[in-house]
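*Asks:* Here is my input, please return the structure:
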Amino acid sequence: MTPDSSNRPVALITGASAGLGLALAHGLADRGWTLVIDARGAGPLKDAADALANRTDVVPLAGDVADPEHRLDLLDVVNQLGRLDLLVNNASYLGPSPLQAIAAADLDELRRVYEVDVLAPIALTQALLPALTAASGVLINISSDAAVEAYETWGGYGSAKAALDHATRVLAAEHPALAVYAVDPGDLRTAMHQAAFPGEDISDRPEPATVVPAFLKLLDSRPASGRYRAAEFAPAVTS
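*Replies:* Here you go, the predicted model:
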């Protein structure tokens, strides 16, 4: 660890080897946060950590957030660092591509969606609540407009995100000292979004880095716990 790094805030971001998770990691690294990042793929995660290491301390830990042993490993890292100021439950599983209508949904795939998108973030939050509470920290669960809109074929992922949204609201009521948010980042140009629209051109969607200032503004302003859209915190456009 670098000098005085013990005084830096610590963030744990799941699914941080690419997309929104990686963009958030870069935004926090620019502010000097110590980072714990995870992803299923060890190679891309190492590449992400290498790109961040020249700016801050970063601990990459490859694994599946749905795996209890991996969650214990993440807890061990946080305990070694001695604090946790921010947990971002970003890792998600979309389901099969192309997406399936509910009437034809593969139930094994649906279970996997719920394991990764609902149970895993709840379980990781349970494990890390003592550290978050000690820091009067912030929890961000990444949501989706599919959690509130009835899009055809989005029933699995959308209902899982709706369940996570509600769990977020309940957790906020149970832990008023924490800032607990469900945040819909909007449509972004990511591999997951491309998988949702196979064969389609998604180049009109914004890059994940474009919403990072909104997340940083959320952290800086620390509004009441609740569900927000990143667009609500976007910098004002001046003419």
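*Asks:* Low-confidence stretches in this structure?
*Replies:* With pLDDT under 70 as the threshold, the chain has low-confidence stretches at 1-6, 236-239.
*Asks:* if we go to 50?
*Replies:* 3-4 (pLDDT under 50).
*Asks:* pull the longest helix from the chain.
*Replies:* Taking DSSP state H as the criterion, the chain has its longest helix at helix 155-174.
*Asks:* pretty sure residue 168 contacts residue 180?
*Replies:* Yes. Residue 168 is in contact with residue 180 according to C-beta atoms under 8 Å; the separation is 5.8 Å. The C-beta positions use only the backbone N, C-alpha and C, and glycine is treated the same way.
*Asks:* residues shared between the contacts of those two?
*Replies:* Common contacts of residue 168 and residue 180 (C-beta atoms under 8 Å, 6 or more residues apart in numbering): residue 139.
*Asks:* For residue 44, which non-adjacent residue is spatially closest?
*Replies:* Excluding the flanking residues, the one nearest residue 44 by C-beta to C-beta, 6 or more residues apart in numbering is residue 17, at 4.0 Å.
*Asks:* give me every residue that touches the nearest residue to residue 144 once chain neighbours are set aside.
*Replies:* Excluding its sequence neighbours, the residue lying closest to residue 144 (C-beta to C-beta, 6+ apart) is residue 161, at 4.6 Å. Counting by C-beta under 8 Å, 6+ apart, residue 161 touches 92, 117, 143-144, 146-147.
*Asks:* ok, now with 10 Å
*Replies:* If a contact means C-beta atoms under 10 Å, 6 or more residues apart in numbering, then residue 161 has 92, 113, 117-118, 141-148, 154, 182, 184 as its contacts.
*Asks:* quick one: contacts for the most centrally placed residue in the chain?
*Replies:* Central residue of the chain (C-alpha atoms, centre = their mean): residue 90, 1.8 Å from the mean position. By C-beta under 10 Å, 6+ apart, residue 90 lies in contact with 13-16, 19-25, 37-39, 65, 121, 140-142, 183, 185.
*Asks:* what about 6 Å?
*Replies:* By C-beta atoms under 6 Å, 6 or more residues apart in numbering, the residues touching residue 90 are 13-15, 20-21, 142.
*Asks:* In strands only, show me the residues you listed.
*Replies:* 13, 142 (DSSP state E).
*Asks:* A strand includes residue 187, no?
*Replies:* No. Counting by DSSP: H, G, I helix; E, B strand; the rest coil, residue 187 is not part of a strand but coil.
*Asks:* Could you look up the SS state of residue 35?
*Replies:* Put simply, residue 35 is strand when judged by three-state DSSP.
*Asks:* Pairing partners for it in the sheet, please.
*Replies:* Beta-bridge partners recorded for residue 35 (DSSP bridges): residue 11, residue 58.
*Asks:* Okay, it and residue 99: tell me how far apart.
*Replies:* 32 Å (C-beta to C-beta, to the nearest Å).
*Asks:* Ok, residue 135 next?
*Replies:* Between residue 135 and residue 99 the computed distance is 38 Å (C-beta to C-beta).
*Asks:* how about the helices in this protein?
*Replies:* Counting by DSSP H, the helices of the chain are 19-29, 42-52, 68-81, 107-114, 120-134, 155-174, 191-196, 212-221.
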